[in-house]
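Novice: What follows is a predicted protein model with its sequence.
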There are 2 protein chains.
Amino acid sequence: MTTKLIAERGFWGLSMQDVADGCGLTVPGMLHHVGSKDSLLVAVLEYRDEEDAKSLAQKLGMPVNQFWAEEPARITLPKVCSALVARNAEQPEIVRLFAVLEAESLAPGHPAHTYFKARQRRTLDQFTALAGEVAGARELAAQVVAMMDGLQIQWLREPETVDLVSAWEAAAARLFA
Amino acid sequence: MTTKLIAERGFWGLSMQDVADGCGLTVPGMLHHVGSKDSLLVAVLEYRDEEDAKSLAQKLGMPVNQFWAEEPARITLPKVCSALVARNAEQPEIVRLFAVLEAESLAPGHPAHTYFKARQRRTLDQFTALAGEVAGARELAAQVVAMMDGLQIQWLREPETVDLVSAWEAAAARLFA
DNA sequence: GTCTATAGGACGATAGAC
DNA sequence: GTCTATCGTCCTATAGAC
């Protein structure tokens, strides 16, 4: 529930009042559980990352947290990206949450600043490993991440006009040519 | 001055108090000039767009507001992108302002929602025209915009590690191949 | 665990003097 | 034009009863 509200307002625009209403609780009632606004934020982020990792591993038929470490031939970067995009296309609200927080957290004082910095490094490392032994693997990984983020923004801005999956497939055809 | 603060906090996290302090005024003193918080936002956005258009036209040696309408052979999409990236690399704070607002404004109720929707359409149209008569020109335009936005995020998150210009050149080599 | 009540600020905006 | 003073609203968080 929190996810939807943060996606609409961002973290700075989020009010605990609204979150509590959405949960059918009063404000102190939910603060008893989550502790504070900051810890609520990181809890939501980590929860979503876990859920996504599970879903992704299932889509690829791999055990969780191992899909990028082994079998470099069977699990390729294009396949992982397709699975990721398919997953994201199903949940626009969560994608918007990450898009908003990804930008907000660029400011050094933001509660999720270090979280997103670590997340970007981790994603780049994983994608680089998946890209294989080709020259410029890290460059390709960065471009893939950038393209996915950018297309998601366009999709979220005009969901009626843009289809995320087909937009990504067209981009992948160019990137992985 | 406002630019820097919005870039750090986003629009929802921005306080008129801070802006007024940054300008050496009191809060009502500056509200007299800008009218309201919402109008301050759009004023900043439109001002930046004008300044960027001027700078871009100068870099390309073209009259303002005509660089995408004519001479499709001399002014190509890669050239415009290089000029844009070079311009953006000089002003990380303004780029962060747009990155934050671009994500925040995805919410339908945001003061800049319609502004960014129109901006995205306009940019896509201009880039599509610049791409020329090739098949899939609009797809290419969308991918170029996505790549620029995504690389900017990575650059803003780790300015010490990522160099925006060289990252873009590597991406352009792949996109325009 | 969930509530009522309330503290203690910060916010955007207005009114009116100078 | 810029100020002081202030209104009314919203916020996060705490204290303490049930």
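Specialist: Perfect, thanks for sending it. Everything numeric in this text was worked out from a predicted model, so none of it was measured. Numbers count the residues shown, from 1 in each chain, chains lettered A, B, ... in the order given.
Novice: Quick check: closest non-adjacent residue to the spatially most central residue of chain A.
Specialist: For chain A, the residue whose C-alpha lies nearest the mean C-alpha position (CA atoms, centre = their mean) is residue A:98; its distance is 5.5 Å. For residue A:98, ignoring the flanking residues on the chain, the nearest one in space by CB to CB, 6 or more residues apart in numbering or on different chains is residue A:48 at 7.5 Å. For glycine as for every other residue, the C-beta is placed from the backbone atoms N, C-alpha and C.
Novice: secondary structure class for the one you found?
Specialist: helix (DSSP: H, G, I helix; E, B strand; the rest coil).
Novice: Please work out how many residues are found near the residue nearest to residue A:177 when sequence neighbours are not counted.
Specialist: Among residues not flanking residue A:177 along the chain, residue B:177 sits closest, at 7.0 Å (CB to CB, 6+ apart). Using other CB atoms under 10 Å in any protein chain shown, residue B:177 has 7 neighbouring residues.
Novice: Is any residue of whichever strand or helix holds residue A:120 near chain B?
Specialist: Assessed by DSSP states H and E, residue A:120 sits inside helix A:113-131. Yes - interface with chain B: helix A:113-131 contributes A:116-117, A:120 (CB under 8 Å from any CB of the partner chain).
Novice: Next one, pLDDT for the residue nearest to residue A:177 please.
Specialist: For residue B:177, the model assigns a pLDDT of 88.
Novice: tell me which element residue A:171 falls in.
Specialist: Going by DSSP H and E, residue A:171 is in helix A:164-175.
Novice: Which neighbouring elements make contact with that helix?
Specialist: In terms of contacts (3 or more CB pairs under 8 Å, 6 or more residues apart in numbering or on different chains; DSSP states H and E), helix A:164-175 is packed against helix A:77-89, helix A:137-157, helix B:137-157, helix B:164-175.
Novice: Lowest mean pLDDT among the helices and strands of chain A, which one is it?
Specialist: Using mean pLDDT, DSSP states H and E, the weakest-scoring helix or strand in chain A turns out to be helix A:2-9, at a mean of 74.
Novice: Which elements pack onto it?
Specialist: Using 3+ CB pairs under 8 Å, 6+ apart: helix A:2-9 touches helix A:16-23, helix A:37-60, helix A:92-104.
Novice: let's see 6 Å
Specialist: Applying 3 or more CB pairs under 6 Å, 6 or more residues apart in numbering or on different chains; DSSP states H and E, one finds that helix A:2-9 contacts helix A:16-23, helix A:92-104.
Novice: Show me which residues of chain A sit near DNA strand C.
Specialist: Proximity of chain A to DNA strand C (CB under 7 Å from any atom of the strand) is limited to residues A:24-29, A:32-33.
Novice: Noted, bye for now.
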